[in-house]
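Visitor: fold the following, please.
(4 chains)
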Protein chains: 4
Amino acid sequence: MSEFQELKEIAYRSNMRLPELGLVLFTFGNASTADHKREVFAIKPSGVPYDELKVDDIVIVDFNGNVVEGDMRPSSDTETHAVLYKHWENIGGIVHTHSTYGTAWAQAQKDIPIMGTTHADHLTHDIPCAPPMSDEMIEGDYEEQTGHQIINALDARELSYEEVEMILVGNHAPFTWGKTAEKAVYNSAVLEEVAKMTYLARQINPDAPRLKDTLIKKHWERKHGDDAYYGQEN
Amino acid sequence: MSEFQELKEIAYRSNMRLPELGLVLFTFGNASTADHKREVFAIKPSGVPYDELKVDDIVIVDFNGNVVEGDMRPSSDTETHAVLYKHWENIGGIVHTHSTYGTAWAQAQKDIPIMGTTHADHLTHDIPCAPPMSDEMIEGDYEEQTGHQIINALDARELSYEEVEMILVGNHAPFTWGKTAEKAVYNSAVLEEVAKMTYLARQINPDAPRLKDTLIKKHWERKHGDDAYYGQEN
Amino acid sequence: MSEFQELKEIAYRSNMRLPELGLVLFTFGNASTADHKREVFAIKPSGVPYDELKVDDIVIVDFNGNVVEGDMRPSSDTETHAVLYKHWENIGGIVHTHSTYGTAWAQAQKDIPIMGTTHADHLTHDIPCAPPMSDEMIEGDYEEQTGHQIINALDARELSYEEVEMILVGNHAPFTWGKTAEKAVYNSAVLEEVAKMTYLARQINPDAPRLKDTLIKKHWERKHGDDAYYGQEN
Amino acid sequence: MSEFQELKEIAYRSNMRLPELGLVLFTFGNASTADHKREVFAIKPSGVPYDELKVDDIVIVDFNGNVVEGDMRPSSDTETHAVLYKHWENIGGIVHTHSTYGTAWAQAQKDIPIMGTTHADHLTHDIPCAPPMSDEMIEGDYEEQTGHQIINALDARELSYEEVEMILVGNHAPFTWGKTAEKAVYNSAVLEEVAKMTYLARQINPDAPRLKDTLIKKHWERKHGDDAYYGQEN
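Guide: Modelled structure (predicted):
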């Protein structure tokens, strides 16, 4: 049995959740999970349909994007995952989808404004839309540069990856992450639902304001603050 | 066996109906049911996924929000339920969801105008959207104040909670109630469907008028008036 | 066994198709089927949820709206069905739903313009939206008057009920009919799909023209004309 | 056993995928697969509901539209398929649907602009909308002329059918094709998803630009270029 068996199983389950949650069509998405001590992550193989995917197909890759174990070619987005794991030591999972509403906002090149408590329960900022990449970045090592584009977009807005666990890459689609792969998957579903709600709210009332600061703070803190009282574990 | 067993089972079934009806994602919602004689209600525990929820997880709480029975922390919205049960003696159930279209109207800070008979079959007024709460209310006992905001919004419009069994809390999401928990769940699904229909009707024709008074009255009375003839029980 | 057993079974199956096709929420709809020789029709009982409906619950009613057989109260829309069967001798089934997109167009008080071949495969005219009823009609025998409103709306446009098998009642919702109850159910699903497509087409291009006459004629005639060649039975 | 058994089975499976993918309502669609050596294709019979379709119902037709084997009448769109197979020697499958969002764009008579990488992963051009056909074409051999309209629309834009495997026929609906029937079915689902995403993106931001050329080229080439690295087979 592989020394990475557990990592592969987590990656497998996380990938299989994406079609269950209605977040991917065909092969348009991938999930990974990392072991920072060993500096490796487990990721979906490229172009394999979810209903044919097996645990043993999962590929183990190091943080420089080199395959460590596995017979298949890893996801074409592997370099993006590698860059993020290398730079962000406290994330255990990354998910990329082309979910419908999230991708529509990315194509519109617009941040998703924070307009309700559903959003504030998960982050206190607009969901950022990174600008489309420069021609140099696209023509260079594209997937690696996508990782840098994500990191740079958070830096430019002075946002922490530990507080903002989701982003849109302009003209492309969403990426999410989290302490675990399960949390990254959860964040992908939250992003899609918030993208849909906010789309509809703007259609109903184009002038509707952003959520007020006190309400943003309240909803964030009751779930994530020092005195959080949501859930069973605080 | 708990003296509250029946109450817990009703609360359990009502909560489980919410994902079945497509009204909640993950843990974004809760249902409760009250026993006004004993001044207690049964409510979902906080943050527990629906597919893991068990009857015994349901928490019994009194009308001041104190836990009477149960090992888990009750829903973070428990105080809102408590305030409503305390003030409205004729309701047996309350439901809170972040259903997509209803929440979009709440984020748009707009009442849902009465534009069709589907709406008039259930209430004779626009579905009110309570204004976002004041900073004082948010920074105070937020969930308790949410209950007061709901009561105040009905009072300000001179609406009876026995006739209008649903409301949007501005920037937040819908709350519904009814004589039974089953009716409160039903009202949540009706609100979501009416929210979607009316959204679409306004997109098709922004100038479409509200429903005329004779039609509002007719549809309400054939279901709820003294000479109602809808259903098998009048 | 009832002398109307077959009629009841057809009505039962037709009603059960409505939730299967996603056309009704809770009890918001009803289907009936008529026997013109005996001048009776079989219709859903009022307010009974579809998942509790049984063949024996179906009510037999004559063309004046009087119950002939059955223990339950018939649908509150029974008089509308009765009027249509009485006036239109060549229809064998009627369906009423509050399907989402069809109802949105009814609430918008707009005809659904014929903009594509999907529409022309089924009728050669815009799907008419009958104007909301007068106060006198509403305050009189409302459901009977709804039938007359439908008949009058077709007459005012010089449309034949044998060619146009569907209508919207303004501020209310769709009614469809056909030679059989199965066809009426089919028409309800077609109306909902066309209502959605045309809604979307208008959002994409508010100036998109109606379908040209040659294309309307071609698609109608290949399915319904003297030289029809669609399907296996012409 | 028929000498065309394998062809029939491929056509059967391809047709059955259409309702599974949510691309057809009732009988509104058809898939075929060709054997260019024998100059025949296997296609769905006309007007047969998918849940009643059997392998043996599939009809074998030659490239002039004449039935070679089968007891049923072939799809009313058979001549369109025949023309495309006759002109395009490298396609093995064709699919026609009235999928909701794709058909809405066709009714709007608009090309679907290339606005994101989901689109560029599959083709480097806007998805063309062929103009509605002339009265002469409609009144002539309509289905054969539909094939010519598709070929002419690609020619007029100097597009290769091997690069652009999908089109909208104005006022009508989508047609897709590919090296295999499986690929043609896949393309139908991709077209519908891209049609929905781009609809939403334009609603969010009517001024959102088309995808930049470097990004179009990058996404196309990583999947389809000489140095493609997407999937397991390059």
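
Visitor: every contact and neighbour count from this point should use C-alpha atoms.
Guide: Fine.

Visitor: on the strand side of things, show who the residue most central in space within chain A bridges to.
Guide: In chain A, the C-alpha nearest the mean C-alpha coordinate belongs to A:Thr176, at 1.1 Å (C-alpha atoms, centre = their mean). Counting by DSSP bridges, A:Thr176 is bridged to A:Val95, A:Met166.

Visitor: report pLDDT for the residue nearest to A:Thr124 when sequence neighbours are not counted.
Guide: Computed as C-alpha to C-alpha, 6 or more residues apart in numbering or on different chains, the closest residue to A:Thr124 that is not its neighbour in sequence is A:Ile216, at 5.9 Å. Note on A:Ile216: pLDDT of 94.

Visitor: and A:Tyr50, how far is that from C:Arg157?
Guide: 53 Å (C-alpha to C-alpha, to the nearest Å).

Visitor: of the two, which one has the most company?
Guide: Using other C-alpha atoms under 10 Å in any protein chain shown, the more surrounded residue of A:Tyr50 and C:Arg157 is A:Tyr50, with 21 against 9.

Visitor: what residues does chain A have near chain D?
Guide: A:45-48, A:72-73, A:75-76, A:98, A:100-101, A:103-110, A:135, A:138-139, A:171-173, A:199 (C-alpha under 8 Å from any C-alpha of the partner chain).

Visitor: packing partners for the top helix by length along chain A?
Guide: Taking DSSP state H as the criterion, chain A has its longest helix at helix A:181-204. Secondary-structure packing of helix A:181-204 (3 or more C-alpha pairs under 8 Å, 6 or more residues apart in numbering or on different chains; DSSP states H and E): helix A:5-20, strand A:29-35, strand A:93-97, helix A:100-108, strand A:166-169, strand A:174-178, helix B:100-108.

Visitor: need those in CSV (columns: distance to C:Thr180 and mean pLDDT).
Guide: Below are the helices and strands packed on helix A:181-204 laid out as CSV (distance: least, C-alpha to C-alpha, whole Å; pLDDT from 0 to 100):
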stretch, distance to C:Thr180, mean pLDDT
helix A:5-20, 39, 98
strand A:29-35, 46, 98
strand A:93-97, 46, 98
helix A:100-108, 39, 98
strand A:166-169, 51, 98
strand A:174-178, 49, 98
helix B:100-108, 36, 98
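
Visitor: now those as a markdown table including distance to B:Met115?
Guide: Formatted as a markdown table, those follow (distance: least, C-alpha to C-alpha, whole Å):
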| stretch | distance to B:Met115 |
| --- | --- |
| helix A:5-20 | 36 |
| strand A:29-35 | 41 |
| strand A:93-97 | 38 |
| helix A:100-108 | 28 |
| strand A:166-169 | 37 |
| strand A:174-178 | 37 |
| helix B:100-108 | 15 |
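
Visitor: minimum distance to C:Ser14: which of those has it?
Guide: C:Ser14 lies closest, by C-alpha to C-alpha, to one member of these: helix B:100-108, at 29.8 Å.

Visitor: now the helix or strand just after the closest one: mean pLDDT?
Guide: Downstream of helix B:100-108, the first helix or strand assigned by DSSP states H and E is helix B:117-120. Across helix B:117-120, pLDDT averages out at 96.

Visitor: just how off-centre is helix B:117-120 within its chain?
Guide: 18 Å (C-alpha atoms, centre = their mean, to the nearest Å).

Visitor: and the helix-or-strand element of chain A with minimal mean pLDDT, which residues are buried?
Guide: Counting by mean pLDDT, DSSP states H and E, chain A has its least confident helix or strand at helix A:213-224, which shows a mean of 92. Neighbour counts over helix A:213-224 (16 or more other C-alpha atoms under 10 Å in any protein chain shown) mark A:214-224 as buried.

Visitor: by contact count, what packs against that helix?
Guide: helix A:117-120, helix B:135-139.

Visitor: give the next helix or strand downstream of the last one.
Guide: When you say that, I think you mean helix B:135-139. Following helix B:135-139 in sequence, per DSSP H and E, is helix B:142-156.

Visitor: show me the shaky parts of chain A.
Guide: Applying pLDDT under 70 to chain A flags the ranges A:234.

Visitor: give me the residue from it nearest chain C.
Guide: At 11.6 Å from chain C, A:Gln203 is the closest residue in chain A, using C-alpha to the nearest C-alpha.

Visitor: number of nearby residues for that residue?
Guide: 19.

Visitor: near chain C, which residues of chain A?
Guide: Counting by C-alpha under 8 Å from any C-alpha, chain A has no residue next to chain C.

Visitor: show me the contact partners of the least confident helix or strand of chain A.
Guide: Residues from elsewhere that reach helix A:213-224 (C-alpha atoms under 8 Å, 6 or more residues apart in numbering or on different chains): A:117, A:120-124, A:227-231, B:135, B:138-139.

Visitor: now swap in stretch A:138-153 and tell me
Guide: A:76-84, A:128, A:130-131, A:133, A:137, A:167, A:169, D:214-215, D:218.

Visitor: give the buried residues for it.
Guide: Buried-residue list, stretch A:138-153, by 16+ other C-alpha under 10 Å: A:138, A:142-151, A:153.

Visitor: just send those back as a markdown table, with distance to A:Leu7 too.
Guide: What follows is these, written out as a markdown table (distance: C-alpha to C-alpha, whole Å):
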| residue | distance to A:Leu7 |
| --- | --- |
| A:Ile138 | 31 |
| A:Tyr142 | 27 |
| A:Glu143 | 23 |
| A:Glu144 | 23 |
| A:Gln145 | 26 |
| A:Thr146 | 24 |
| A:Gly147 | 22 |
| A:His148 | 25 |
| A:Gln149 | 27 |
| A:Ile150 | 25 |
| A:Ile151 | 25 |
| A:Ala153 | 29 |
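
Visitor: which of the residues you listed sits closest to chain D?
Guide: Nearest to chain D among the buried residues of stretch A:138-153, with distances taken as C-alpha to the nearest C-alpha, is A:Ile138, at 6.6 Å.
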